[in-house]
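**Student:** Provided below for reference: sequence and predicted model.
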Amino acid sequence: MQEKVAQVGRQAALAAGAVMRQNYLKPHRVTLKGAIDPVTETDYQAQEIIVTIIRRAFPDHEFLAEEREGEGGAPPPPAKEVARRAPAWEEDPPSYRWLIDPLDGTVNFAHGFPMFCVSIAFEAEGILTYGVIYDPLRDELFEAAKGRGAKLNGQTIKVSATNRLEEALVATGFPYDIRERIPATIARLGRMLGSTQGVRRAGSAALDMCYVACGRLDGFYEEHLKPWDTAAGVVIIEEAGGRITAFDGGHYDIYAPNILASNRVLHEKFLKCLRG
C-alpha cells in the first residue's frame, strides 16, 4: 500500500498546489478564525481537492485537516488538549489517517508574499509513514516515506553538516496567540540571534522544516503548532537525517506544545539557546 499512498499523496499535493498558483494574485475572500488567524477561499478549495482525491483512492481512510478538524474521525480536542503528550481523543487513533494542511502560510498567501505550500501526511496505526510538501510557486515537491529517505523533486536530500553555532542559519515562527507570549518568545529569539549567523521568519512552518531537511537551514523551532503543521515535515526531516525534539530535549510528537528540528549535529547547542 505504501506505493499507492505516495502516488495519491503526491497527486493531491500537486492538484492543490495548482489551485494556489492559479489564485495567488487574484483578490481573496479572507475571514478570521482568530485575531490574526485568517482563512481564504483557496484554503477551502485546496482542502476539498485533496480530500476528494484521497477518498477516491481510499474511501475508508480518515482525515485530520486544518479547516475541518476531525473530519471523518474523532471530534476536535479543546485547545488546551493540543499541548498534552497523549490527548484523550488520540488514545485509540484510527487505523489509517491523513493529516492535511491545505495551505500552510495563509497570511503570506493573503498578502501576496510568496512563501506558502500544501502539506499532507499519512499515518498508519498511529505512526507517520509518509509526508509530502509542495511549494507551487517554486515547483518544489519534498517527499519522504519511512525507511526510504527524503527527496526533493525526485533527488535525495540530506540535512546540512554545519557544526558551528555561529555559522548556523535558523528559522522560527510565531504562534497566532503571540500577543499572550511576547516576553518568552522574544527572549528565545534574542538568544538565537546572539548565537547564530542569522534567524529567518518566513511564515510557513512546513517549508521551514523542508529547508532543514535539504540543508538550506540548519535548524527550526516554533511553539504552539498543530498536528497538521508538522506531520509531513517530521517524516521528511527524519528521513533526511535530522533530529526533532521538544524544547526540553524530550520526545516530540505532533501533539507536543513546541518543536526543535535540526541537522542533528547542532541540536544540543540549539537546545541550550532555547533553555536560556
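**Tutor:** In hand now; what should we look at?
**Student:** off-centre distance for stretch 22-33?
**Tutor:** Taking Cα atoms, centre = their mean, to the nearest Å, one finds stretch 22-33 lying 21 Å from the centre of the chain it belongs to.
**Student:** now stretch 143-155
**Tutor:** 16 Å.
**Student:** that one: end-to-end distance?
**Tutor:** Using Cα to Cα, to the nearest Å, one end of stretch 143-155 lies 10 Å from the other.
**Student:** which ones are touching Asp135?
**Tutor:** The contact partners of Asp135, by Cβ atoms under 8 Å, 6 or more residues apart in numbering, come to 17, 116-117, 141-142, 207, 210. Quick note: C-beta positions are derived from backbone N, CA and C, even for glycine.
**Student:** got a markdown table for the residues you listed, with pLDDT and secondary structure too?
**Tutor:** Output for those, formatted as a markdown table (pLDDT from 0 to 100; DSSP: H, G, I helix; E, B strand; the rest coil):
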| residue | pLDDT | secondary structure |
| --- | --- | --- |
| Gly17 | 98 | helix |
| Phe116 | 98 | coil |
| Cys117 | 98 | strand |
| Leu141 | 98 | strand |
| Phe142 | 99 | strand |
| Leu207 | 98 | helix |
| Cys210 | 98 | helix |
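**Student:** where do the strands sit along this protein?
**Tutor:** All strands of the chain, identified by DSSP state E, fall at 30-34, 37-40, 62-65, 96-104, 117-124, 127-135, 140-145, 150-152, 155-156, 169-172, 198-200, 219-223, 243-245, 258-262.
**Student:** quick one: those as TSV, columns for distance to Met1 too.
**Tutor:** Putting the strands of the chain into TSV (distance: least, Cβ to Cβ, whole Å) gives the following:
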stretch	distance to Met1
strand 30-34	34
strand 37-40	32
strand 62-65	15
strand 96-104	9
strand 117-124	8
strand 127-135	10
strand 140-145	11
strand 150-152	19
strand 155-156	23
strand 169-172	33
strand 198-200	37
strand 219-223	30
strand 243-245	25
strand 258-262	28
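**Student:** tell me the one among the contacts of Asp135 nearest to Glu123.
**Tutor:** Taking Cβ to Cβ as the measure, Glu123 lies nearest Phe142 of the contacts of Asp135, at 17.8 Å.
**Student:** which positions are bridged to the closest one in the beta structure?
**Tutor:** Listed beta-bridge partners, Phe142: Ile133, Leu152 (assigned using DSSP bridges).
**Student:** relative to Gly233, how far out is it?
**Tutor:** Separation of Phe142 from Gly233 (Cβ to Cβ, to the nearest Å) stands at 8 Å.
**Student:** please say which of the two ends up with more neighbours.
**Tutor:** Neighbour count, other Cβ atoms under 10 Å: between Phe142 and Gly233, Gly233 has more, with 33 against 30.
**Student:** was I right to think that one contacts Ala261?
**Tutor:** Yes: look at Gly233 against Ala261 with Cβ atoms under 8 Å: they come within range, at 7.4 Å.
**Student:** quick one: common contacting residues for the two?
**Tutor:** By Cβ under 8 Å, 6+ apart, Gly233 and Ala261 have these common neighbours: Met209.
**Student:** quickly list the domain ranges of the protein.
**Tutor:** 2-156, 165-275 (automatic domain parsing).
**Student:** pick out the shakiest of the ones you listed, pLDDT-wise.
**Tutor:** Lowest mean pLDDT within these: domain 2-156, a mean of 84.
**Student:** that one: end-to-end distance?
**Tutor:** 18 Å.
**Student:** what of stretch 157-174?
**Tutor:** One end of stretch 157-174 to the other measures 27 Å (Cα to Cα).
**Student:** equivalent analysis for stretch 164-184, please.
**Tutor:** So stretch 164-184: terminal residues 25 Å apart, Cα to Cα.
**Student:** quick one: Gln7 from Ala145, how far?
**Tutor:** Noted for Gln7: a distance of 11 Å to Ala145, by Cβ to Cβ.
**Student:** that should have said Arg216, apologies.
**Tutor:** For Arg216, the distance to Ala145 (Cβ to Cβ) stands at 22 Å.
**Student:** and these two? which has more neighbours close in?
**Tutor:** Shown here are Arg216 and Ala145; by other Cβ under 10 Å, Ala145 has more neighbours (21 against 15).
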